[in-house]
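can't give you the sequence, but here's the structure:
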């Protein structure tokens, strides 16, 4: 693995509430919510949980949910102790985990921070936003293009530190000779068009440092109304062959629409399923009144 990380306060905010963690086999982006003295602390506590729990080699896949629950309890406990209502963080990460004795790249997320994967010149989003506008897209009320400018585009339906329990989504990436990952906060995905991200990540001859610089430059060349954070990771499996078999578990049920970007090729693990095979918030998860706004000046 080779990687590069960038974070910037942007052109409007006075404080960078994002936190980024990069280490061998562990990459996390946390986008804090709650304003100065709250959002930045929430994101720091979130990544600190991964430093604390993932520092002793490859973590078994089954233990990842516990790390995220620990982060959730840490942020919620701090908010209660210091009377900081609305303090929370979104989360996206990728970790090299122990999958039954074999290494596997596992992507996890809570909220609207995203992970994209580029393979063979094609880009796909392997996370699906936990947001109000994504739910509207899912039921066909608005299009994906309309979601980008919807007035509620910054309302997230899941976050670290808001409810006693948090429901993260996990995906195990199948074997591949080479792939490039982008983990980012919505300060990047909301400002750089999908086509530009695809073009920048597709050129394998461009080092990850240069890709990270170019992506951040594109953010800062625009409005940059929010903090922006990103991690670009190249993953290579030189011993991979076409005979390799993915044995990570049961596959999510296929979609009737083959052009749908979700679920991405790979496996969904330890996540509740609906009838169509897409992971969903459980019935006792946050309700409409608990939606959190990651407020971005407009």
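Cool, got the structure. Small disclaimer: the values here were computed from a predicted structure and weren't measured.

how far out from the middle of the chain is stretch 157-166?
15 Å (Cα atoms, centre = their mean, to the nearest Å).

what mean pLDDT does it get?
Across stretch 157-166, pLDDT averages out at 94.

name the residues of it that are buried.
Of the residues in stretch 157-166, 157-163, 166 count as buried by neighbour count, 16 or more other Cβ atoms under 10 Å. All C-beta atoms are positioned from the backbone trio N, CA, C, and that covers glycine.

just the terminal-to-terminal distance for it.
Stretch 157-166 has an end-to-end distance of 11 Å (Cα to Cα, to the nearest Å).

I'd assumed residue 104 was in a strand, is it?
Yes. Using DSSP: H, G, I helix; E, B strand; the rest coil, the assignment for residue 104 is a strand.

quick check: it touching residue 97?
Yes. Using Cβ atoms under 8 Å, residue 104 is in contact with residue 97, at 5.7 Å.

okay, and the common contacts of the two?
Common contacts of residue 104 and residue 97 (Cβ atoms under 8 Å, 6 or more residues apart in numbering): residue 61.

residue contacts, residue 129?
So residue 129 contacts 111-112, 114, 156 (Cβ under 8 Å, 6+ apart).

inside helices: which ones of the buried residues of stretch 157-166?
Among the buried residues of stretch 157-166, no member falls in helices (DSSP state H).

pull the most distant pair out of these.
157 and 161 (14.2 Å; Cβ to Cβ).

picking that back up, out of the contacts of residue 129, who's nearest residue 182?
residue 114 (7.9 Å).

state the pLDDT value of the closest one.
In this model, residue 114 carries a pLDDT of 96.

may I have the beta-bridge partners of it?
residue 184 (DSSP bridges).

now the one 10 residues further on
On the basis of DSSP bridges, residue 124 takes part in beta bridges with residue 117.

which residues does residue 90 contact?
If a contact means Cβ under 8 Å, 6+ apart, then residue 90 has 30-31, 33, 109-113, 156, 159-160, 185-186, 294 as its contacts.

give me the neighbour count for the closest residue to it other than its chain neighbours.
Counting by Cβ to Cβ, 6 or more residues apart in numbering, residue 90 lies nearest to residue 111, which is 2.8 Å off, once chain neighbours are set aside. If you count neighbours by other Cβ atoms under 10 Å, residue 111 ends up with 29.

show me the contacts for residue 111.
31, 89-92, 129-131, 156, 158-160, 294.

now do 10 Å
Going by Cβ atoms under 10 Å, 6 or more residues apart in numbering, residue 111 touches 30-31, 33, 88-92, 127, 129-131, 156-160, 162, 166, 168, 185-186, 292, 294.

just want the most central residue of the chain.
Centroid-nearest residue in the chain: residue 92, 2.7 Å away (criterion: Cα atoms, centre = their mean).

please state the offset of the helix or strand harbouring it from the chain centre?
Element membership of residue 92 [criterion: DSSP states H and E] is strand 88-99. What separates the centre of strand 88-99 from the centre of its chain is 8 Å, taken as Cα atoms, centre = their mean.
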